[in-house]
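In: Model the following, please.
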Amino acid sequence: MLFTRTMMKKYLFWPGVGVIVFALVVLAVVWRPGAPAAPYSGKVDPFAGLVYPSGLDADTRAVMEEKVSSTKAMYERDPDIWETWIAIGNLRQLLGDRRGAIAAYEQSLKLQENNVLGNRNMAEVYVQLGDYEKAARNFELAIGSNFADPDLYLKLALLYEQKLNRPDLAEVTYRQGLNYAAQNREYLSSLAAFYKQQGKWEQYREYARELVQAYPEDGSLKEVYRDALE
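Out: Model prediction:
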C-alpha cells in the first residue's frame with residue numbers, strides 16, 4: 001500500500017502530538033510555578049547557615065554558642081514539638097536572622113495552632129522589619145490565644161497609634177485590654193497619654209487620676225499628672 005501525502009502527514013503528526021502531550025503532562029506534575037518550598041520541611045537542617053554577628057566579644061560569643069548548643073540538643077531530643085521551634089526562632093532572632101526566626105515561628109504554629117508565643121514573637125519580628133500590618137495581625141492572633149494578657153493589648157494599641165495611624169483601633173484595643181489591666185502602671189500611663197494626645201481631656205483626667213490613686217506612694221506621679229488633678 002502506498003502512502004499518500006495526506007496519509008504521510010497524519011502518520012507523522014499524531015505520534016508527535018502524543019509525545020508533546022506526554023511531555024507537557026510530565027512537566028505539569030514536576031514543575032509547579034509559584035509553589036515555594038516550605039521552610040524547614042522534610043529533613044532540612046534548621047541550624048544550617050547559622051552565622052554569628054560580627055564584632056562580638058569573647059563572653060558574648062560564648063553565651064551565643066551555649067545557646068546554639070542547648071537549642072540543638074532540644075531539637076535532637078524533641079524535633080516535633082512546638083516549643084522546640086519557638087526556641088529555634090528565638091535563636092535565629094538572637095543571631096539577627098529575622099526571616100529565619102519567622103519561618104521557625106510559623107513551624108511552631110503548624111505544630112500547635114493556638115500557641116501564643118508563635119504569634120507574639122512573630123509580631124515582634126515584623127515590627128523590627130517595619131511590616132506593621134503583619135505585626136498587628138499576629139498580635140491580634142496572639143490575643144485570640146491568650147485574651148487575658150494586658151501586654152498584648154498594649155503592644156497592639158501602641159502599634160495602631162504610633163505606626164498605623166489608626167487612633168480609632170488603638171482606642172478600641174486599649175479599652176478591651178482594660179478588663180485585664182487593673183492598676184497596671186504602664187498600661188494606665190499609656191492610655192492617659194493616648195487620650196491627652198487625642199485631646200480627649202475627660203478621659204485623660206479619668207485614667208491619670210486612676211493611675212495616681214493606684215500608686216499613692218509615688219509622689220512623682222502627682223507632678224506628672226498635675227494638670228489632671230487640678
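
In: what's next to stretch 65-72, contact-wise?
Out: 47, 50, 87, 88, 90, 91, 94 (Cβ atoms under 8 Å, 6 or more residues apart in numbering). In this view, the C-beta of every residue, glycine as well, is placed from N, C-alpha and C.

In: where does this structure have low pLDDT?
Out: 1-43 (pLDDT under 70).

In: what about burial for the contacts of stretch 65-72, which qualify?
Out: 50, 87, 88, 90, 91, 94 (16 or more other Cβ atoms under 10 Å).

In: all helices of this protein, in order?
Out: Along the chain, counting by DSSP state H, helices occupy 5-30, 58-77, 82-94, 98-111, 116-129, 132-145, 150-162, 167-177, 185-197, 201-214, 219-224, 226-229.

In: and the third one with helix 98-111, angle?
Out: On the basis of axes from the mean of the first three to the mean of the last three Cα atoms, to 10 degrees, helix 82-94 is oriented at 170 degrees to helix 98-111.

In: For helix 82-94, C-alpha coordinates in CSV please.
Out: Taking Å, rounded to 0.1, in the frame of the first residue of the first chain, the C-alpha atoms of helix 82-94 are listed here in CSV:
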residue,chain,number,x,y,z
TRP,A,82,6.1,23.5,69.1
GLU,A,83,8.3,24.6,72.0
THR,A,84,11.4,23.4,70.1
TRP,A,85,10.5,25.6,67.2
ILE,A,86,9.9,28.6,69.4
ALA,A,87,13.4,28.1,70.8
ILE,A,88,14.8,27.8,67.2
GLY,A,89,13.0,31.0,66.3
ASN,A,90,14.4,32.8,69.3
LEU,A,91,17.9,31.6,68.4
ARG,A,92,17.6,32.9,64.9
GLN,A,93,16.3,36.2,66.2
LEU,A,94,19.2,36.4,68.6
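
In: Figure out how far it is from the centre of its chain.
Out: Distance of helix 82-94 from the chain centroid (Cα atoms, centre = their mean, to the nearest Å) equals 12 Å.

In: And the contacts of that helix?
Out: 40, 46-47, 50, 64, 67-68, 71, 74-75, 78, 98, 100-105, 107-109, 111-112, 115, 117-118, 121-122, 125.

In: buried subset of those?
Out: By 16+ other Cβ under 10 Å, these give 40, 46, 50, 64, 68, 71, 74-75, 98, 100-105, 107-109, 112, 115, 117-118, 121-122, 125 as buried.

In: that older thread, residue 59: which of the buried ones among the contacts of stretch 65-72 is nearest?
Out: When the buried ones among the contacts of stretch 65-72 are compared for distance to residue 59 (Cβ to Cβ), residue 94 wins out at 14.8 Å.

In: Count the residues that sit near residue 225.
Out: Close neighbours of residue 225, defined as other Cβ atoms under 10 Å, add up to 20.

In: wait, doesn't it sit right on residue 209?
Out: Yes: between residue 225 and residue 209 there is a contact under Cβ atoms under 8 Å: 7.4 Å.

In: what's near enough to touch the spatially closest residue to residue 209 that is not a sequence neighbour?
Out: Nearest non-adjacent residue to residue 209, counting by Cβ to Cβ, 6 or more residues apart in numbering: residue 228, 5.9 Å away. Counting by Cβ under 8 Å, 6+ apart, residue 228 touches 192, 204, 205, 208, 209, 212.

In: Fine by me, we can end here.
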